[in-house]
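Undergrad: Sharing a model that was predicted from the sequence below.
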Amino acid sequence: FFFSSRRRHTRCLSDWSSDVCSSDLFIVTLTMADVVCLAGMAAVVGVLYQAEYHPLICASPIVVYLLGPFLLTVFQKLMFGDGPKLVQKPGGRGASVKQEEDKNKPKIQILYGSQTGTAELYAKNLGREAKKLGFNAQVLDMADADMESLWEQKFVLFIVATYGEGEPTDTMKDFHTWLLSDDRMSDPCDLKDLTFSVFGLGDSQYKHFCQMGIEFDQRLSELQARRIHELGLGDSDTNMEEDFDNWKADLWAKASPMFGLKAKDEFADEPDQQQKLKVHPPPKETPPPFPKTSSSLPPSNKLPCWGTIKSSTELLASNPEGRSTLHIEIDCGSASLQNYEAGDHLGILPANDDAIVDEYMKLLDITKKDEVVSLVAKDGMSQRNHLPNKVPIHVGLKWYFDLQGVPKKSVLRAFTHFTQDSKERDEFRSLLRIHEESRDLYHEAVKNCRTISGFLKKFPSTKVPIDLFFELMPRTQPRFYSIASDSLVQGKCVHMCLAVSQGGLCSNFMKDMKVGSKVPCFIRKSTFHLPMRNKERHTIMIGPGTGVAPLIGFVHRRTAWKVKETLGECHFYFGCRRSKEDYIYRDLLEDAEKTGVITKLRVAFSRDSDEKVYVQDLIRQDGAELMRLIDAGANIYICGDAKRMARDVEATLVNILVEHGGMEKEAAMERLNKMEKSQRYLKDVWTSH
């Protein structure tokens with residue numbers, strides 16, 4: 001009972017401890033869970049003994065099991081406050097004065113739900129600007145927000161990204177479910193005192209563009225909150241940052257006078273630096289970039305496992321154009337992978353090339369690259385490390401920051417305050433203003449400079465403090481790949497299919513990995529799965545190019561099932577350029593057709609003849625046969641390019657429903673929508689930008 005109780009209590013702190021496990025306090029946290037359990041048990045036993053209720057002493061562990069979470073919560077409140085942070089150190093008189101000043105400022109809460117880090121970056125940018133304007137700003141990930149406190153807020157901004165086909169991001173799921181619950185409508189006047197605005201992030205190449213932004217905006221309005229500014233929609237297929245700049249400029253113009261504040265020029269004040277680097281004594285061994293996770297915990301973005309490269313094989317039979325597509329197998333050893341299945345995603349945390357890291361250290365005038373640092377609050381109110389671990393500076397630059405991505409204007413604007421030459425500073429800022437002429441100049445500069453380092457070279461008198469650089473730079477985000485294996489066959493060895501792209505951070509990182517090298521990774525669950533309880537259901541699989549990856553995993557799972565189960569038909573559509581060049585997984589697919597795992601294999605070659613043939617052409621040819629499968633309840637799976645292939649295939653499916661199903665076009669589209677909602681029409685698609 002005691003150990004069961006201990007596990008239950010420590011699970012309450014799992015999310016919190018993942019933020020601090022790189023510090024010594026993580027060990028203390030687990031020890032305190034033991035102390036709370038033992039102290040509670042001792043107290044209960046003592047009281048029962050004094051009262052001579054000896055028979056009940058045997059039941060004391062059950063009492064502790066039930067009361068443990070309450071006792072631990074009280075302990076956490078006393079020791080650590082309300083949030084996932086370390087013990088606070090006194091900030092001194094200056095900090096208390098600042099707190100008093102903040103109390104008198106109008107309060108604004110900025111909540112974000114981010115998948116790739118862009119929404120988080122925008123939210124923190126809004127928080128800094130809000131503080132410059134005179135607001136008391138609080139920026140929170142929705143995963144850390146107290147949902148019920150929304151009723152107490154006066155002004156809230158929501159920065160929400162849409163993931164995949166209209167889904168909430170991982171950290172936003174609980175908040176989204178809570179907000180859209182029917183329970184919220186029990187008193188529709190609850191939010192009448194709340195002023196809000198929403199900015200949604202998405203990609204117009206996807207069917208449900210900015211779905212989360214639209215849903216949040218609509219729901220808050222239904223709850224009678226007051227919209228201060230229209231819904232903003234940022235499109236990554238065009239220029240999301242410009243969409244955001246325009247939205248926030250109009251937002252502050254409306255919000256500032258409402259709260260008695262004045263709008264300011266975007267370069268009016270220096271950036272409000274909130275964090276600083278804290279130097280630590282050199283450890284005996286160089287710490288890893290990510291803390292080691294317990295083998296009993298599933299790996300995550302914050303606590304990945306270190307998989308071993310088992311093999312890396314070139315899949316292209318020939319590559320006259322210098323292309324490369326790799327099949328990589330990663331042995332995750334004893335890591336808890338939650339019994340991953342085909343269709344799930346493998347998250348890889350890539351590192352910057354050493355030459356690029358060296359370049360940045362020169363530009364930032366870093367001389368002590370081996371100095372071990374953490375990133376903590378500048379005011380001293382918290383010692384929580386905002387980096388994944390305490391690491392040498394060069395390790396932080398290598399693993400944590402997006403050094404090769406397209407620069408964000410908000411970051412560059414902050415950096416202009418440290419451009420010492422006045423002419424350079426004026427030219428630098430002329431690129432970054434929110435004007436039409438500045439946009440054209442900025443786009444031209446990005447073509448030439450490409451990265452932050454390019455801008456620092458163009459304006460060499462810009463000397464950015466390393467603390468601010470660590471605080472403002474976008475973090476390297478995990479890259480996700482559809483898994484080309486299944487745990488029923490491959491166990492804890494995960495296979496991935498990867499096309500190497502010129503300048504691509506992760507694909508080149510993986511290409512350079514040698515057999516035996518370690519790579520930080522984790523599994524992200526998806527809904528793109530075979531029907532577990534209906535193995536006899538027919539399937540139609542469509543995946544040209546590297547889009548075939550999860551379908552290869554499906555073939556592995558169906559192979560395992562076929563030993564004991566009766567399977568439905570499987571019609572498999574693959575496409576590539578040439579049969580002798582990039583017909584990847586050819587042997588596996590053709591063998592699967594011979595053994596009956598695949599009922600019918602169809603391959604489209606777009607460059608082997610004068611007339612280009614794509615997967616949608618083969619699907620059109622098989623229209624009558626596919627209609628039979630659809631009427632029999634088949635599942636349809638599409639994986640690959642969202643911009644062209646997925647749209648063309650869906651249009652072809654609609655035409656099949658019209659031609660062979662006797663339906664009107666609108667009715668055919670509605671039927672596909674219903675299939676999608678019932679998990680019979682599934683897509684795992686992406687865009688390349």
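TA: In hand now; what should we look at?

Undergrad: Give me the three-state assignment for the residue lying closest to residue 518 once chain neighbours are set aside.
TA: In this structure, residue 518 finds its nearest non-sequential neighbour in residue 306, 4.4 Å apart by Cβ to Cβ, 6 or more residues apart in numbering. In short, each C-beta sits where N, CA and C put it, glycine included. State at residue 306, reduced to three classes by DSSP: H, G, I helix; E, B strand; the rest coil: strand.

Undergrad: so what's residue 306 up against?
TA: By Cβ atoms under 8 Å, 6 or more residues apart in numbering, the contact list for residue 306 reads 288, 292, 518-521.

Undergrad: Just the ones of these in helices?
TA: Of the positions in these, not one sits in helices, assigned by DSSP state H.

Undergrad: Which among those count as buried?
TA: Those of those that meet the buried threshold are 288, 519-521, by 16 or more other Cβ atoms under 10 Å.

Undergrad: Stretch 591-603: which residues count as buried?
TA: 592, 597-599, 601-603.

Undergrad: So what touches that stretch?
TA: Contact with stretch 591-603 is made by 555, 558-559, 562, 567, 569-576, 579, 583, 589-590, 615, 618, 622, as judged by Cβ under 8 Å, 6+ apart.

Undergrad: For the stretch 301-450 of the chain, just list every one of the strands.
TA: Here the stretch 301-450 of the chain has its strands, by DSSP state E, counting those that start in this stretch, at 305-314, 325-331, 345-348, 372-377, 391-392.

Undergrad: average pLDDT for the shortest one?
TA: Right, strand 391-392. Here strand 391-392 scores 94 as its mean pLDDT.

Undergrad: who does that strand pair up with?
TA: In its sheet, strand 391-392 lies beside strand 372-377 (antiparallel), with partners assigned from DSSP bridges.

Undergrad: Point out where the stretch 1-150 of the chain drops to low pLDDT.
TA: Across the stretch 1-150 of the chain, the ranges flagged by pLDDT under 70 are 1-101.

Undergrad: Dump the buried residues of stretch 591-603 into CSV; add secondary structure and pLDDT as well.
TA: Listed next are the buried residues of stretch 591-603 as CSV, based on DSSP: H, G, I helix; E, B strand; the rest coil; pLDDT from 0 to 100:
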residue, secondary structure, pLDDT
592, helix, 98
597, coil, 98
598, coil, 98
599, coil, 98
601, strand, 98
602, strand, 98
603, strand, 98
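
Undergrad: Which members of the residues you listed are the farthest-apart pair?
TA: Based on Cβ to Cβ, the longest span within these runs between 597 and 603 and measures 16.0 Å.

Undergrad: Residue 427 touches residue 459, doesn't it?
TA: Yes - applying Cβ atoms under 8 Å, one finds residue 427 in contact with residue 459, separated by 7.4 Å.

Undergrad: More neighbours: which of the two?
TA: A direct count of neighbours by other Cβ atoms under 10 Å for residue 427 and residue 459 places residue 459 higher, at 22 against 16.

Undergrad: Run through the residues that contact the more buried one.
TA: Residues counted as contacts of residue 459 (Cβ under 8 Å, 6+ apart) are 419, 421, 424-425, 427-428.

Undergrad: Helices - which of these land there?
TA: Among the contacts of residue 459, DSSP H puts 424-425, 427-428 in helices.

Undergrad: closest to residue 343 among those?
TA: Closest to residue 343 out of those is residue 428 (46.8 Å), distances taken as Cβ to Cβ.

Undergrad: Distance check, that closest one against residue 459.
TA: Separation of residue 428 from residue 459 (Cβ to Cβ, to the nearest Å): 5 Å.

Undergrad: do the same with residue 603
TA: In this view, residue 603 and residue 459 are 52 Å apart by Cβ to Cβ.

Undergrad: repeat for residue 662
TA: 66 Å.

Undergrad: follow-up on the earlier one: so can I have JSON lines of the buried residues of stretch 591-603 showing distance to residue 653?
TA: Shown next, in JSON lines, are the buried residues of stretch 591-603 (distance: Cβ to Cβ, whole Å):
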{"residue": "592", "distance to residue 653": "23"}
{"residue": "597", "distance to residue 653": "24"}
{"residue": "598", "distance to residue 653": "20"}
{"residue": "599", "distance to residue 653": "19"}
{"residue": "601", "distance to residue 653": "19"}
{"residue": "602", "distance to residue 653": "15"}
{"residue": "603", "distance to residue 653": "19"}
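
Undergrad: Between the buried ones among the contacts of residue 306, which sits nearest residue 490?
TA: Checking these against residue 490 by Cβ to Cβ gives residue 521 as the nearest, at 14.4 Å.

Undergrad: For that closest one, name its beta-bridge partners.
TA: With DSSP bridges as the criterion, residue 521 is bridged to residue 305, residue 348.

Undergrad: hang on, isn't it packed against residue 308?
TA: No - using Cβ under 8 Å, residue 521 is not in contact with residue 308; the gap is 10.3 Å.

Undergrad: what touches both of these two?
TA: Counting by Cβ under 8 Å, 6+ apart, the contacts common to residue 521 and residue 308 are residue 330.

Undergrad: and for residue 428 and residue 459, which residues touch both?
TA: Taking Cβ under 8 Å, 6+ apart as the criterion, residue 428 and residue 459 both touch residue 419.

Undergrad: Could you count how many residues lie near residue 369?
TA: Close neighbours of residue 369, defined as other Cβ under 10 Å, add up to 14.

Undergrad: Can you tell me how far it is from residue 397?
TA: Per Cβ to Cβ, residue 369 is found 8 Å from residue 397.

Undergrad: Spit out the residues that contact these two alike.
TA: By Cβ under 8 Å, 6+ apart, residue 369 and residue 397 have these common neighbours: residue 361.

Undergrad: and the closest residue to residue 490 other than its chain neighbours, what does it touch?
TA: The shortest distance from residue 490 to any non-neighbouring residue, by Cβ to Cβ, 6+ apart, is to residue 556 (7.0 Å). Neighbour list for residue 556: 342, 485-486, 488-490 [criterion: Cβ under 8 Å, 6+ apart].

Undergrad: any chance of those in a markdown table, plus neighbour count?
TA: Converted to a markdown table, the contacts of residue 556 look like this (neighbours: other Cβ atoms under 10 Å):
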| residue | neighbour count |
| --- | --- |
| 342 | 28 |
| 485 | 27 |
| 486 | 28 |
| 488 | 16 |
| 489 | 15 |
| 490 | 18 |
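
Undergrad: Could you dump these into CSV and include secondary structure, pLDDT and distance to residue 161?
TA: Formatted as CSV, the contacts of residue 556 follow (DSSP: H, G, I helix; E, B strand; the rest coil; pLDDT from 0 to 100; distance: Cβ to Cβ, whole Å):
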residue, secondary structure, pLDDT, distance to residue 161
342, coil, 95, 26
485, coil, 97, 29
486, coil, 95, 29
488, helix, 94, 33
489, helix, 95, 34
490, helix, 94, 32
